[in-house]
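Enquirer: could you look at this predicted model? Sequence included:
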Protein chains: 2
Amino acid sequence: MTTQNTPDADARYDRLRELGQQLRVDSVRAADAAGSGHPTSSMSAADLAAVLLDTHLRYDFDDPENPGNDHLIFSKGHASPLVYAMGKAAGALTDEQLLTFRKNGSLLEGHPTPRIPWVDVATGSLGQGLPFGVGVALAGRDLDRVPYRVWVVCGDSEMAEGSMWEAFEHAGYEKLANLTAIIDVNRLGQRGATRHGWDLDAYARRIRSFDWHTIEVDGHDVAAVDRAYAEAAATTDRPTAIIAKTRKGQGVREVADQEGKHGKPLKDAAEAIEELGGARDLHVTVQPPREAAPRLRTGGGTPELPDYKVGDSVATRNAFGEALAALGAAREDVVALDGEVGDSTRAQKFGDAHPDRYFQCYIAEQQMVAAAVGMQVRGWVPYATTFAAFLSRAYDFVRMAAVSRADLNLVGSHAGVAIGEDGPSQMGLEDLAAFRAVHGSTVLYPCDANQAARLTAAMADASGIRYLRTSRGESPVIYGPGEDFPIGGSKTLRATPEDRVTLVAAGVTVHEALAAADTLAEEGVAARVIDLYSLKPVDLPTLREAADVTGRIITVEDHHPEGGLGDAVLDAFTDGRPVPRLARLAVRTMPGSASPEEQLRAAGIDAQAIAATARGLLTSTP
Amino acid sequence: MTTQNTPDADARYDRLRELGQQLRVDSVRAADAAGSGHPTSSMSAADLAAVLLDTHLRYDFDDPENPGNDHLIFSKGHASPLVYAMGKAAGALTDEQLLTFRKNGSLLEGHPTPRIPWVDVATGSLGQGLPFGVGVALAGRDLDRVPYRVWVVCGDSEMAEGSMWEAFEHAGYEKLANLTAIIDVNRLGQRGATRHGWDLDAYARRIRSFDWHTIEVDGHDVAAVDRAYAEAAATTDRPTAIIAKTRKGQGVREVADQEGKHGKPLKDAAEAIEELGGARDLHVTVQPPREAAPRLRTGGGTPELPDYKVGDSVATRNAFGEALAALGAAREDVVALDGEVGDSTRAQKFGDAHPDRYFQCYIAEQQMVAAAVGMQVRGWVPYATTFAAFLSRAYDFVRMAAVSRADLNLVGSHAGVAIGEDGPSQMGLEDLAAFRAVHGSTVLYPCDANQAARLTAAMADASGIRYLRTSRGESPVIYGPGEDFPIGGSKTLRATPEDRVTLVAAGVTVHEALAAADTLAEEGVAARVIDLYSLKPVDLPTLREAADVTGRIITVEDHHPEGGLGDAVLDAFTDGRPVPRLARLAVRTMPGSASPEEQLRAAGIDAQAIAATARGLLTSTP
């Protein structure tokens, strides 16, 4: 069908074509100045971007915090030259800034990050932008209740990522009509053709089966693209995917639709710019947000956390769930996400109390973490929860959340061999290593219910990625309800000036260490016991003092030996000071099924193993 | 449609119904004996399992290594009672063994693992069994070339996992007609209804859109199930998904189709068994494999690895690619998998030389690692390759691969800030921590091309999960082609009896450490330099000797400070012996874009930072 345009429309479309060419030219220029980057992946999406920026996006670039702003996410983050060219066209970047692309100190990194105020999330690991967009769209509809739209520009290669289909499933099921995916089907991946090439229907029929509206379009026909965006905005009962046939490197013969032209500047930028019609200096007046939306609410009051009686037996996961529900009562900005195990993690307690801020993500951990990242973009304080073992499914999303400078709470339950009979598939035994290694993270591991409750609340105000590890089984409450547990602190549970060895433990092993200390005391050996509930940051002064007094440290953890508690303790001794004698107890075997007690014994992290190790250390270093 | 059965068929179906009830009874009994487990999730799939075991599966339980055997994978691994009940019915387990379920020392763990000879892979982290099955099916069709079938029993909850859709996409695109997915749609997840309940078409239309054949069936109608399996086997142009409507806890009113009955034994097992018609002792003569298939080929010859000239500049990723191609020429059992970045990782060099053993997985890292796990089930030696950063996408699969006792090579390129301009989304900075924390893993990080080539070959013969970290940029060749680099070894590059400090490095930081040692030498300070190319296991004697001589160790790594090289070195000093003074240099900042040299400097891991740290350590500890 050919649509007859009015002369006005013709002029507008001419201008949009020009804008598309400008975005191409600026992409080529930025990559040329950098000596690297992805101009050809930018050129395929340039017309899609031009029409969006000029006509459909509603965004106040002078006020990126405006709650009514639309959200534009480049899931194909390697098309960063196009992102920055759009920023220049919108007046948010100068041409000089554009040409700092990929240079030391520039905000214009190889892949976009929120160091740029109008960038919501870091992308560059493919398959993440759409799941993030689902989170922002959920926030818009269900939390902010503001009619902003979320536009996500996706690549065709990333359609192979399962996380994209978690996003299609979640958004389709939730009927997120405020979400539009724009799929730039340029046929070519990094090393050759994509799986489906230009078979637009291969994408469309898959996406439709997940209950999305789909529109297939020529991505270089600005009129058709314009109509597609309008149709997406007018589709109010489901999300829309615009599947656009494009050519990689469109506009420059040397590279257009050619293999081997991915991720490199054009050989002759000047010639390419000439072929593109030369440099332009079009400025786009981006439409403002639809309506004045309220600024975000602040955190609010102090929670009335649950109190647990010393000597009672309570699982830390229970205390977490109860504390989170209390936190939700005190703070309207707290939300929780479940990976279909809320009855086990006890996040369900929050869901029961605050159903309007509880998001069921089913068994899709990547989408769950991504939704949390999307919600924190809008200032919400998310707690994403599943078994510690299954958070490993979302590890790349956690890694990228740190690059996004996201403030995010992750809670992993059922940690360690102490879960007992379910066996190793359900045991988080790598989680401390994985989350400690994330930049700027906070890692907490409570041993009793009062501690778990207070850390649950405290983590809400930390920055970056915060991880709380909880336990399945009950453990005795050892701290009074009034105790304080600052992040970065520890609790010294046993200490005398005569201590000859320090036992450092966290979570379930704290109770084993206490029992070991009792045994050793009966034998006349004074042992210091430190509950290192904050594994990152660690309490350097307390560890150093213990080392000075005792000269010997034994670490005990329900985790593999690498990267966990034993490694964390070393933070206190890597500044050149004398290092105490060390022994590390950790899970060095592959567990099977057994009772929790049998598991701790088999792994050599129970009281008996700790006492034996202490005796050995004292004998070998008298 | 009602099908009129012959009397013979009627008798057979009666027997199958009885067998289904037996599997339910034995599931109830096993969970009752254990006091935990998932009987209701077993009962929904019992009729599906009975028909499969009796009529369609071809498997010699006396010879699990038989190359002609079908492969049966329970993606819903929590239905382990059903798996073990099947084993009993097939004569592979005694009733006494069945009742050891979940007990200390039993092979019958809470979730199945290959400790049982007729179990291929560990499951229990949902969404993994189907991707593993894709790998086995690929091996069957393209490597073994044996007409075994792969049957994967999936849950409905796990259909939310993106990894399932990576598998549907991969298998559909590859037209893996030897693969059948059996989806047990029992409507109930762990904490309530699944997303799609009993909407079989919601699953079927999604799966069909990925080019599978689909069959919807009543999963308790043994005749219909029988026909569905036959139809799957007769479908030779695509994989088949049987989408079966079932009832969780089918057969026992107390639990059937009830919420809150997930993952716990039945309250009154005796009553339930009576309702199920009592215990039975049917024995199934499982059909033998279709044809005698050849036993697997062995590894074969010694590769003619590439040699690199000392002083040349070569990227370790290049040496890896060339060595892998050479290894493939010498060994017919080596295969390689690419996540659509083979031109960057250089795995493409293997693909060019051995296209029939090169598997393009597109950008789907979970499916790539799962396919590798599936291939090693059949004795193939896979190398799964992508950027180090993007292997984090498959971390849960790597974790579970260790539980599967899989022998697997993973290669991550573009490690660290040394990649330069692309920025943090592309930098593996958590990979050493993540892979070291995997049970039984081997972690290697070469600094030059000859070392990379030899480690590429050596890892093929290691056991468990082996990880090789390669670098994007060129580095000088410092080792002659004849040098040997045993796993667990190290190279001492500078050593005198007068050394006052030891610099321990790996990969790119080896060259920085050498330069720092040169600077320090000019200042009259002798520094030992150790290339710790094997981060797990580490060379304990060499580190201990260096500590004895120098008393001071500085670790330098292009990785976050947690869980990497600095932690690995401590392995040598956690047995109570005196620990040297320590300093750790690592990436403590969030990088942006910059040149490799600027990145190393900004992170404080270049030669200048190392020399400065050494001076400080010597001053503070004279």
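Expert: On my side now, so go ahead.
Enquirer: near chain B, which residues of the stretch 401-550 of chain A?
Expert: A:402-403, A:405, A:421-426, A:429-430, A:433-434, A:436-440, A:536 (CB under 8 Å from any CB of the partner chain). Just so you know, the C-beta spots here come from the backbone N, C-alpha and C atoms, and that holds for glycine as well.
Enquirer: which residues touch the spatially most central residue of chain A?
Expert: The residue lying closest to the centre of chain A (CA atoms, centre = their mean) is A:Ala401, at 3.2 Å. Going by CB atoms under 8 Å, 6 or more residues apart in numbering or on different chains, A:Ala401 touches A:Val369, A:Val373, A:Leu408, A:Ile465.
Enquirer: which of the residues you listed fall in helices?
Expert: A:Val369, A:Val373 (DSSP state H).
Enquirer: quick one: which of the contacts of A:Ala401 is most hemmed in?
Expert: A:Val369 (34 neighbours; other CB atoms under 10 Å in any protein chain shown).
Enquirer: how confident was the prediction at that residue?
Expert: We note a pLDDT of 98 for A:Val369 in this prediction.
Enquirer: ok, now the one 3 residues further on?
Expert: The score at A:Ala372 is 98. That number is its pLDDT.
Enquirer: pretty sure it is touching A:Gly135, no?
Expert: Yes: between A:Ala372 and A:Gly135 a contact is recorded at 6.5 Å, counting by CB atoms under 8 Å.
Enquirer: for chain B, what's its nearest residue on the stretch 501-622 of chain A.
Expert: A:Gly563 (2.9 Å; CB to the nearest CB).
Enquirer: name the element that residue belongs to?
Expert: Following DSSP states H and E, there is no helix or strand that holds A:Gly563.
Enquirer: residue contacts, it?
Expert: Going by CB under 8 Å, 6+ apart, the list of residues near A:Gly563 reads A:Glu430, A:Leu432, A:Ala433, A:Ala434, A:Arg436, A:Ala437, B:Ala433, B:Arg436, B:Ala437, B:Glu562, B:Gly563, B:Asp567.
Enquirer: and what of A:Thr509?
Expert: A:Thr509 neighbours (CB under 8 Å, 6+ apart): A:Cys447, A:Val556, A:Glu557, A:Asp558, A:Leu585, A:Ile605, A:Ile610.
Enquirer: the residue lying closest to A:Arg378 once chain neighbours are set aside: how many residues sit nearby?
Expert: Closest residue to A:Arg378 apart from its sequence neighbours, by CB to CB, 6 or more residues apart in numbering or on different chains: A:Ala139 at 4.4 Å. Applying other CB under 10 Å, we find 27 residues neighbouring A:Ala139.
Enquirer: ramachandran angles for A:Ala139?
Expert: Main-chain dihedrals, A:Ala139, degrees, to the nearest 10: phi -60, psi -40.
Enquirer: these two touch, right, it and A:Met375?
Expert: Yes: using CB under 8 Å, A:Ala139 is in contact with A:Met375, at 4.7 Å.
Enquirer: now, the residues of the stretch 401-550 of chain A next to chain B that are in helices?
Expert: Reading helices off these with DSSP H, I get A:Ala402, A:Val403, A:Ala433, A:Ala434, A:Arg436.
Enquirer: list just the nearest of those to A:Pro265.
Expert: A:Val403 (23.9 Å; CB to CB).
Enquirer: ok, the closest one - contacts?
Expert: Counted by CB under 8 Å, 6+ apart, A:Val403 has contacts A:Thr113, A:Ala122, A:Gly124, A:His439, B:Pro424, B:Ser425, B:Met590.
Enquirer: also A:Ala434?
Expert: A:Ser392, A:Tyr395, A:Val398, A:Gly563, B:Tyr395, B:Glu430, B:Ala433, B:Ala434, B:Ala437.
Enquirer: what average pLDDT does the helix or strand where A:Met86 lies get?
Expert: Using DSSP H and E, A:Met86 sits within helix A:80-89. For helix A:80-89, mean pLDDT rounds to 98.
Enquirer: select from the contacts of A:Gly563 the one having the most neighbours.
Expert: That'd be A:Leu432 among these, by other CB under 10 Å, with 37 neighbours.
Enquirer: could you check the pLDDT of that one?
Expert: 98.
Enquirer: I'd say it and A:Thr555 touch.
Expert: No: in this structure, A:Leu432 is not within contact of A:Thr555 by CB under 8 Å, at 11.6 Å.
Enquirer: list residues touching both of these two?
Expert: Here A:Leu432 and A:Thr555 have A:Leu565 as joint contacts, going by CB under 8 Å, 6+ apart.
Enquirer: of all the contacts of A:Thr509, which two lie farthest apart?
Expert: A:Cys447 and A:Leu585 (15.8 Å).
Enquirer: the stretch 401-550 of chain A: helices as residue ranges?
Expert: Taking DSSP state H, counting those that start in this stretch, the helices of the stretch 401-550 of chain A run over residues A:431-436, A:449-458, A:508-522, A:540-550.
Enquirer: of those, flag the one that's most buried.
Expert: Each of those was scored by mean neighbour count; the highest is helix A:431-436, a mean of 31, by mean count of other CB atoms under 10 Å in any protein chain shown.
Enquirer: as CSV, could you dump the C-alpha coordinates of it?
Expert: Coordinates of each C-alpha in helix A:431-436 appear next as CSV, following Å, rounded to 0.1, in the frame of the first residue of the first chain:
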residue,chain,number,x,y,z
ASP,A,431,27.4,-16.8,45.8
LEU,A,432,29.7,-15.0,48.2
ALA,A,433,32.5,-15.2,45.7
ALA,A,434,30.3,-14.1,42.8
PHE,A,435,28.7,-11.1,44.6
ARG,A,436,31.9,-10.0,46.4
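Enquirer: what's the offset of it from the middle of its chain?
Expert: 14 Å (CA atoms, centre = their mean, to the nearest Å).
Enquirer: that older thread, mind giving me a markdown table with the contacts of A:Val403 and columns for distance to A:Glu512 and neighbour count?
Expert: Output for these, formatted as a markdown table (distance: CB to CB, whole Å; neighbours: other CB atoms under 10 Å in any protein chain shown):
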| residue | distance to A:Glu512 | neighbour count |
| --- | --- | --- |
| A:Thr113 | 43 | 26 |
| A:Ala122 | 40 | 29 |
| A:Gly124 | 43 | 26 |
| A:His439 | 32 | 21 |
| B:Pro424 | 39 | 27 |
| B:Ser425 | 41 | 26 |
| B:Met590 | 37 | 17 |
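Enquirer: list just the nearest of those residues to A:Pro81.
Expert: For the contacts of A:Val403, the residue nearest A:Pro81 by CB to CB is A:Gly124; the value is 13.1 Å.
Enquirer: from what I can see the closest one touches A:Val83, true?
Expert: No: A:Gly124 is beyond contact range of A:Val83, at 11.2 Å (criterion: CB under 8 Å).
Enquirer: what do these two both touch?
Expert: A:Pro112.
Enquirer: where does the stretch 251-400 of chain A dip in pLDDT?
Expert: A:293, A:295-299 (pLDDT under 70).
Enquirer: for it, what spans make up the helices?
Expert: Under DSSP H, counting those that start in this stretch, the stretch 251-400 of chain A gives helices at A:269-275, A:316-330, A:342-345, A:348-353, A:365-377, A:388-391, A:395-403.
Enquirer: let's have the ones you listed in JSON lines, adding distance to A:Gly616.
Expert: Listed next are those as JSON lines, based on distance: least, CB to CB, whole Å:
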{"stretch": "helix A:269-275", "distance to A:Gly616": "68"}
{"stretch": "helix A:316-330", "distance to A:Gly616": "31"}
{"stretch": "helix A:342-345", "distance to A:Gly616": "38"}
{"stretch": "helix A:348-353", "distance to A:Gly616": "44"}
{"stretch": "helix A:365-377", "distance to A:Gly616": "41"}
{"stretch": "helix A:388-391", "distance to A:Gly616": "31"}
{"stretch": "helix A:395-403", "distance to A:Gly616": "36"}
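Enquirer: and B:Val153, which of those helices is closest to it?
Expert: helix A:388-391 (20.0 Å).
Enquirer: what's next to the closest one, contact-wise?
Expert: Against helix A:388-391 from outside (CB under 8 Å, 6+ apart): A:339, A:341, A:365, A:369, A:398, A:410, A:412-416, A:425-429, A:431, A:469-470, B:125, B:396, B:399.
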